[in-house]
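Chemist: Based on what follows, work out the 3D shape:
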Amino acid sequence: MPVNPMNFSVARGGWLPHVAALAQHRCATPALAAIAFADSSFLPVPPDMLLVPMALLRPERLRRLLVICIVASVLGAVLGYLIGYWLWDLVGVPLVEFYGYRDAFSVYQSMVGEWGVWIIIAKAFTPIPFKIAAIGAGVAAMDPLTFITAALVGRALHFAMVGVAVVLFGDRFMAMVERFERQLAVVSVLALAAAGVALALR
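Modeler: Got it, this is the predicted structure:
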């Protein structure tokens, strides 16, 4: 039987009510835009983490949320480009080193210089952080208008894929979350702890 995501706003116990409350909070949309902007320029917090629960709990707002993510992400990509173009030594190098892409960045930069728009668009299908693509485009002095166009297409593809996944699998996903809520919470905590240990040992 299909599950109505809105029903989870009154789920009994656990953390789902908190997610529901966050998705319906008056500051949720500005927060989503801010995260999408920051993810394309300097912060390692993908907007999908907030976009997906917001879309699942408020499916009638999916299109609006996708547009917000696309626009904010492209604006953030412009900042990432400027970091690579003007602030590479001061800001770009520390960011690339922080994300562990120092060794591969020169290769990626040359790919941006050679393939340009196609590399930026292809980023929608790869795990490489989009901020790295934006900074690399700036370092390679890619034509700004071409970069913005490619970023728009690439970000639109990425968030469109997220939107399709929400539409096709949203109800089943939320049903699974409700059934395995406690187990998922434990796994999430363990994953965060493992990530913290890995960063500490670097």
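
Chemist: tell me the secondary structure for V45?
Modeler: coil (DSSP: H, G, I helix; E, B strand; the rest coil).

Chemist: give me every residue that touches it.
Modeler: 35, 38-39 (C-beta atoms under 8 Å, 6 or more residues apart in numbering). The C-beta positions use only the backbone N, C-alpha and C, and glycine is treated the same way.

Chemist: any idea how far T146 is from it?
Modeler: 27 Å (C-beta to C-beta, to the nearest Å).

Chemist: any idea where the helices of this protein begin and end?
Modeler: For the chain, applying DSSP state H gives helices covering 16-23, 28-39, 48-57, 62-86, 93-98, 102-115, 117-122, 130-139, 144-179, 181-201.

Chemist: so which of these is the most packed in?
Modeler: With neighbours taken as mean count of other C-beta atoms under 10 Å, the helices of the chain reach their highest mean count in helix 130-139, at a mean of 27.

Chemist: Does anything pack onto that one? Which helices or strands?
Modeler: With contacts taken as 3 or more C-beta pairs under 8 Å, 6 or more residues apart in numbering; DSSP states H and E, helix 130-139 sits against helix 62-86, helix 93-98, helix 102-115, helix 117-122, helix 144-179.

Chemist: switch to 10 Å and redo it
Modeler: helix 28-39, helix 62-86, helix 93-98, helix 102-115, helix 117-122, helix 144-179 (3 or more C-beta pairs under 10 Å, 6 or more residues apart in numbering; DSSP states H and E).

Chemist: Please name every helix or strand in contact with the second one.
Modeler: Looking back up the chat, that one is helix 62-86. Using 3+ C-beta pairs under 10 Å, 6+ apart, helix 62-86 sits against helix 28-39, helix 48-57, helix 93-98, helix 130-139, helix 144-179.

Chemist: Next, the angle helix 144-179 makes with the first one.
Modeler: So that's helix 28-39. Interaxial angle, helix 28-39 versus helix 144-179 (axes from the mean of the first three to the mean of the last three C-alpha atoms, to 10 degrees): 130 degrees.
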